[in-house]
Structures are given as C-alpha cells and as structure tokens.
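1. A predicted structure for the sequence below; I have some questions about it.
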Amino acid sequence: MLGFLLARQAGLDDPLRLRRAESTRRVLGLELNKDRDVERIHGSGINTLDIEPIEARYMLSGGSDGVIVLYDLENSSRQPYYTCKAVCSVGRNHPDVHKYSVETVQWYPHDTGMFTSSSFDKTLKVWDTNTLQTADVFSFEETVYSHHMSPVATKHCLVAVGTRGPKVQLCDLKSGSCSHILQGHRQEILAVSWSPRCEYVLATASADSRVKLWDVRRASGCLITVDQHNGKKSQAVESANTAHNGKVNGLCFTSDGLHLLTVGTDNRMRLWNSSNGENTLVNYGKVCNDSRKGLKFTVSYGCSAEFVFVPYGSTIAVYTIYSGEQITMLKGHYKSVDCCVFRSNFQELYSGSRDCNILAWVPSLSEPVPDDDETTTKSQLNPAFEDAWSSSDEEG
Amino acid sequence: MSRKRQRLVPDAFGLKRRRERGQAEADPLRGESGKRGGPGTRRGAACGGRTAPPAPLPVSVTWSLRPGSARAAVAELVQLFPRSLFEDALPPIALRSQVYSLVPDRTAADRQLKALQEQGEIRIIQLGFDLDAHGIIFTEDYRTRVLKACDGRPYAGAVQKFLASVLPACGDLSFQQDQMTQTFGFRDPEITQLVNAGVLTVRDAGSWWLAVPGAGRFIKYFVKGRQAVLGMVRKAKYRELLLSELLGRRAPAAVRLGLTYHVHDLIGAQLVDCVSTTSGTLLRLPET
C-alpha cells in the first residue's frame, strides 16, 4: 500500500492504479459485519434491490407483498455501529400500492426524484419520490416479470418491459404509452437489460432459452440471437440458436458494456461478447439456479479484476468474470437469495432474500490494535511489586 | 496472538488470505490424485490379496507431464479406462468432467481441449445421456478401433472414406447435411451406411453427431455406475464420505468401469462437493 502511494506520488503509476488495487482488496475481503445492519421492514421475501446511480446513497427494495421501501445507506453518525434506516415506504395501506408481488424496482437513472416499479399485478408504476404518489401507471395484459430503463439514454425515455407474453414492450415515459413492441421470443421474457454502452441496444432473456440483442431503432427484428455453441454445432436455421439448455433467468452487462453475463436454469453462467454475440467459453462451473422467475445478479465496478456476485441457493457466489475462478461463497442468509446490488463507491454488497432480510456485506476492516489497552493495564503494576503467589485483580 | 501480529503489517492486496483459501480449494482436486497413490499402495501392501485393490494412479505420470495441462490429464484418464471389459473393441474414452477434476481451472482446461481438438489430436464425442457430457478420445485410437470394427462388413468402404476425408478436415461434434453432400461428396446411401456402422448418430433431420461404434454398452455401464457411486455417498451417514474410504470399499456390481473413473467424473461434474479436511478429501452431496 505504501509502495502504491509512493509510486502515485512520484508519478510512476497511474492514479487509477492505487484506486483499483484498493477496491479489489476490499472486494476480496467482503464479509458480514456486526456493525452494519439494514432495518427490517419487509414482512415477506425481497425480490429486488436497486441503488441510485447518482450518489449511491439511497436504496430501493421491492418485496413479495407489494411493499416498496426506501433506505438511506449513508452512515452520518460517528459510530461504527450503524443501521441503514428506512426513509419511507409504500406499505400495504398506501392507496397506490401494488396488489401483488413487486418484481423489479429501478431508480430513474438521472436523479432520485422518480422511480419505477413493476409487479405481478400487470402494471408498471412510475412514482414521484418526494410525494410518494404514482405519477403514471402502465397496464399490460400479462404479469410483468422485469423492466429496465437505460442508464445512459439521453435521447429517449423508454422503459423495456418483459412480461409473461412473448413480446417485449417499450413504454415511453414522455408520452405515457407503449411505443414499441419487439417480437421474436416464443415464451415469457424473464429479464431485460439495456446496454450501458449504447443507448439503443437492449438485451432480453426468455424462458425459451434464448437471449436476443436488439437495436430498438431497427424495425426488422433482433440484431443477434446468441448461440452457446458459437455457430459451429448449431442447426442450419438461426432460429434454433439457444443461449442455455434451459430457461434464461438473469442478464447483466459488465460495467463497460462489452460483455454480457447470463444465467440459466441449466445451472450454468455464460459470458458473451456483446458486440457479436459470441460465447467466450469462460467456464464458471455449476451455478445452481432453481429460480422459476428472474434472478438478479450484479457485477463489481472499479476493481482491477471485475467480479460477479451471483445468488447461489442461500449463498452468494463470487467469481472473477474473465477467468471464471470462484473466489468465495458468502454465507449468511437463511433462505434463497433473490437479488443483490453492489455499491461501487464503498465496495459493499447488499443482498435480499426470501427470509425477509437485507444483508450488508462490508469489506473487513483491520481490527483496532488492542495492544494499547494491555500495555496501559500492565503499566499500572510495577513488576517489582508483583508477587507470584496471588492472582492480580485484572485477571481475577 | 498470531492473528494480531499479521494484521499489524497490512499488505496492499488482501490476496494473501484469499490465496490460501484458493489453494485449499485447488488442493483436493490436485492433491487427491496424488493421495490416491498413497492409500492404494498402502492397501496393496497391507491386505495382501483379500480384495483386488483398484490400480493406484501413477503419481509420477501426473507430475512429470506439466501437472496442469489437459493433455496430461487425458493421457492419465485413458489409462483408467477398462479396455478388457469391452474386449478392446472400444477406444479408451475419458470425459470432460474428469478433466475438470484434474485441471482445476475450467476455462483453461476448456481452451486446452479446444486447442487439442483443433490440432486433431483428440475427438470430442457427444454422449447421448446428457447435453453437457462430452467424451474425449484420442484420434488415433478412434481410427484404429473403428477400422477394426468395420472390417469385412459391407459398409467398410464408406467408413474408410469417412475416416480418410471427413475426420481430418472437420473437427466438430456434428455434421450437417449440406456439409456431407457438397463439401465431402457423400451420397445419401453412403450416409445411411455410416449410420448403420455406428459412426454417425442421427441428431435431427439433416444433422448427425459423431459417434463411436459400440459405445452403447459403455454409456449404459457409465450411467449405472455413476448412479451407483452417487448412491454410495448418499447412503453414508450425513451423506458424506472420505475419498480414501470410498475408494477402499468394494465396488458394487453396477460399477464396471472402476471407482476411480467415476469419482473423477463426479468431482468434475460438481455432483459432489470436495471438502478438504485434516483426514483427507471428503466428498459431500450438495444440499440443494
């Protein structure tokens, strides 16, 4: 560490190098800490978490009972022991609360004044954070499994919605109605994600084992259907390309948008090149996936070797993305974990599970050196006055 | 006290702590192949001829040919294959999951196997029972066995043409209709003869998997043996067994290919968890 600081000071190293080294060290030391807690509000399983991208201070959580809670993650007390308090919540007695389970919540990418939530009650609601009222409601014919709004979009305000029907719907927040439908999948859409690199590229994952990349400006259909065998062993017809040998549950772009991670119910996780849809053939081993709906996993940001945090049963498995090596399994939840989010400024991981808890995984800090206490107690008793046959008060 | 002392000098990367744990994970997979030489030899010396002990893995082979390489792993695994069981009619088949148990880094193992496949040294065969299970055979072994199997039969000509023209040119698992007819000039009756010979298996209308003639028996023994070895672990108390104890037990009648063969496959396919303990490697069924 001192070497890194000196090198940075002398200009030998890029300033980013120290930051990345320290971030990686902290992520490798993630563990449960007795000093950090998240207030328990939910009465049923937590399906989704989202941390706002502007300050990384506020976190939204959506539960299976339709409740949405907003937490403040900032530790403004001077104490090391801190509970992340809920600032406000949309509870069961709120007039606009979702009727059934909330599947996805997402902050508006540009400020915290607005957030969107979609639920099994076939609606997508747009909320005003300050008044906690719904600003708009989009209704669909089928239950909504997932929605996402592009984090880098400046020219459009489209929210991609994946429902139980095979069509991906794009809702425009400015006009208040569905503007596009993307056709191509054959079964329900379990996950959608916009690319963090290009504001018009959307990836969708479906229960028919396919992952499609779309450019929403194009009228004619999807750009690429990714193929796990990289085209050599597939059928002659392109429509038989599959990404997994089972349903595809979760999608996550890496932070630079160049690669796409997908998990499927065939217990595999795959890494794809997002520009040509090629399978990079990185082998992560068995990534247990029993979830019948979407699995929300996340990647780290700012480390020298990026990590992916995947819910694996009741634990969270941490892998390095590009080499496929399993770093550790984070154990702490009592029931299956449904979602996790990474707070990149502080290298913390928050995970929500079916046991109604949100756990905060914090980098293990170096313990305060207790040597000082012992030397002070010993100095009180001069060794000349110590006797060998009676026990001292401190030890008694 | 030792814990405090270590923390007084923080290192830049906390990797030291993680690397130890990482090595502990890698060790059971690599160490057990070395350990298996231990119990095997000890058992052979101690209990004379009471039960036929399984052949101990030649540890020298593991460590002389670059211990991490997939090629060494495949060479070692084909020695485990029981040739006498099939009267030498089948080429020795190793499985991809077994290679994963010997080469801990799966991505590197996949890349090395792909490189070997492109060089033409090995063929990868789709074993029908699982989409993920791939068998690995040395090309030379495959060629000699197939030629021997089709000797004197009416389809010998088509098979020889296939081995001569298609095998060196196309290293894939499967072949398409237009590839066979246009690129390699096979006619439909010839393709039917190849299917009859057992060299091709129908995958879909117009595409075929590469296959090994007579592999059906192997697949039957393999599936039964895998279930039998998993059953041994499942019936144990707490559903876990020390590896040395598992290898020391008498193989049930369903296990024809050898306990070591199946254990490699189970570890590599992650059907059992490998836990390193002070008494050796422990195989435990995963909770899910």
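-> Alright, I've got the coordinates. The structure presented is a predicted model; accordingly, all values stated were derived computationally and were not measured.
2. tell me the centre residue of the chain?
-> No chain specified, so I'll use chain A. For chain A, the residue nearest the mean C-alpha position is residue A:341 (3.0 Å; Cα atoms, centre = their mean).
3. not what I meant, chain B
-> With distances taken as Cα atoms, centre = their mean, residue B:95 lies nearest the centre of chain B, 2.4 Å away.
4. ok, that residue - contacts?
-> Residue B:95 makes contact with B:77, B:127, B:133-136, B:264-265, B:268, according to Cβ atoms under 8 Å, 6 or more residues apart in numbering or on different chains. In short, each C-beta sits where N, CA and C put it, glycine included.
5. now do the SS call for the residue nearest to residue B:102 when sequence neighbours are not counted.
-> Once flanking residues are discounted, residue B:102 sits nearest to residue B:73: 4.0 Å by Cβ to Cβ, 6 or more residues apart in numbering or on different chains. Under DSSP: H, G, I helix; E, B strand; the rest coil, residue B:73 falls in the helix class.
6. residue B:73 against residue B:99, yeah?
-> Yes. Between residue B:73 and residue B:99 a contact is recorded at 4.8 Å, counting by Cβ atoms under 8 Å.
7. quick check: neighbours shared by those two?
-> residue B:109.
8. related to what we said a few turns ago, how about the residue nearest to the centre of chain A, phi and psi?
-> The phi/psi pair for residue A:341 (degrees, to the nearest 10) reads phi -130, psi 150.
9. that one contacts residue A:50, doesn't it?
-> Yes. The pair residue A:341 / residue A:50 is scored as a contact, 6.3 Å apart, by Cβ under 8 Å.
10. and the contacts of residue B:95, which is closest to chain A?
-> Chain A lies nearest to residue B:268 out of these, by Cβ to the nearest Cβ, at 9.4 Å.
11. can you report how many residues lie near the closest one?
-> The number of residues packed near residue B:268 is 23, by other Cβ atoms under 10 Å in any protein chain shown.
12. now do the contacts for it.
-> Residue B:268 is in contact with B:95-102, counting by Cβ under 8 Å, 6+ apart.
13. among the contacts of residue B:95, which lie within strands?
-> Among the contacts of residue B:95, the members falling in strands (DSSP state E) are B:134-136.
14. pull up the gap between residue A:135 and chain B, please.
-> 42 Å (Cβ to the nearest Cβ, to the nearest Å).
15. who does the helix or strand hosting that residue touch, helix- and strand-wise?
-> Element membership of residue A:135, judged by DSSP states H and E, is strand A:133-139. Identification of packing neighbours for strand A:133-139 by 3 or more Cβ pairs under 8 Å, 6 or more residues apart in numbering or on different chains; DSSP states H and E yields strand A:123-128.
16. could I get the average pLDDT for the strand it packs on?
-> Mean pLDDT, strand A:123-128: 95.
17. next, the angle from it to strand A:133-139.
-> Per axes from the mean of the first three to the mean of the last three Cα atoms, to 10 degrees, the angle that strand A:123-128 makes with strand A:133-139 is 160 degrees.
18. Provide the strand pairings for strand A:123-128, with the direction of each partner.
-> Strand A:123-128 has the following strand partners under DSSP bridges: strand A:114-119 (antiparallel), strand A:133-139 (antiparallel).
19. run through chain A and note the low-pLDDT ranges.
-> For chain A, residues meeting the criterion pLDDT under 70 lie at A:231-240, A:367-381, A:386, A:390-396.
20. switch to 50 and redo it
-> Counting by pLDDT under 50, the ranges of chain A that qualify are A:233-236, A:373-377, A:396.
21. now swap in chain B and tell me
-> Scanning chain B for pLDDT under 50 picks out B:1-65.
22. show me where it has its helices.
-> If DSSP state H is used as the criterion, the helices of chain B fall at B:2-8, B:15-46, B:59-64, B:70-80, B:96-102, B:106-119, B:139-149, B:156-169, B:177-178, B:188-197, B:215-235, B:243-248, B:259-268.
23. save those helices as TSV, and put in distance to residue A:38 too.
-> As requested, those are exported to TSV (distance: least, Cβ to Cβ, whole Å):
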stretch	distance to residue A:38
helix B:2-8	27
helix B:15-46	26
helix B:59-64	48
helix B:70-80	45
helix B:96-102	38
helix B:106-119	35
helix B:139-149	58
helix B:156-169	60
helix B:177-178	58
helix B:188-197	61
helix B:215-235	38
helix B:243-248	41
helix B:259-268	38
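24. for the stretch 51-200 of chain B, which residues are neighbours of chain A?
-> Residues of the stretch 51-200 of chain B found near chain A (Cβ under 8 Å from any Cβ of the partner chain) are B:100, B:105-107, B:109-111, B:114, B:131-132, B:172-174, B:176-178.
25. filter the residues you listed down to the buried ones.
-> Neighbour-count burial (16 or more other Cβ atoms under 10 Å in any protein chain shown) applied to those gives B:100, B:105-107, B:109-110, B:173-174, B:176-177.
26. tell me which two of those residues sit farthest apart.
-> B:105 and B:177 (37.7 Å; Cβ to Cβ).
27. so residue B:264 is in contact with residue B:96, correct?
-> No. Using Cβ under 8 Å, residue B:264 is not in contact with residue B:96; the gap is 10.9 Å.
28. neighbour count: these two, which is higher?
-> The residue with more neighbours, out of residue B:264 and residue B:96, is residue B:264; 28 against 23, by other Cβ under 10 Å.
29. which ones are touching that one?
-> Here residue B:264 is in contact with B:77, B:80, B:95, B:97-98, B:101-102 (Cβ under 8 Å, 6+ apart).
30. switch to 6 Å and redo it
-> Counting by Cβ atoms under 6 Å, 6 or more residues apart in numbering or on different chains, residue B:264 touches B:98, B:101.
31. how far away is it from residue B:81?
-> The spacing between residue B:264 and residue B:81, counted by Cβ to Cβ, to the nearest Å, is 11 Å.
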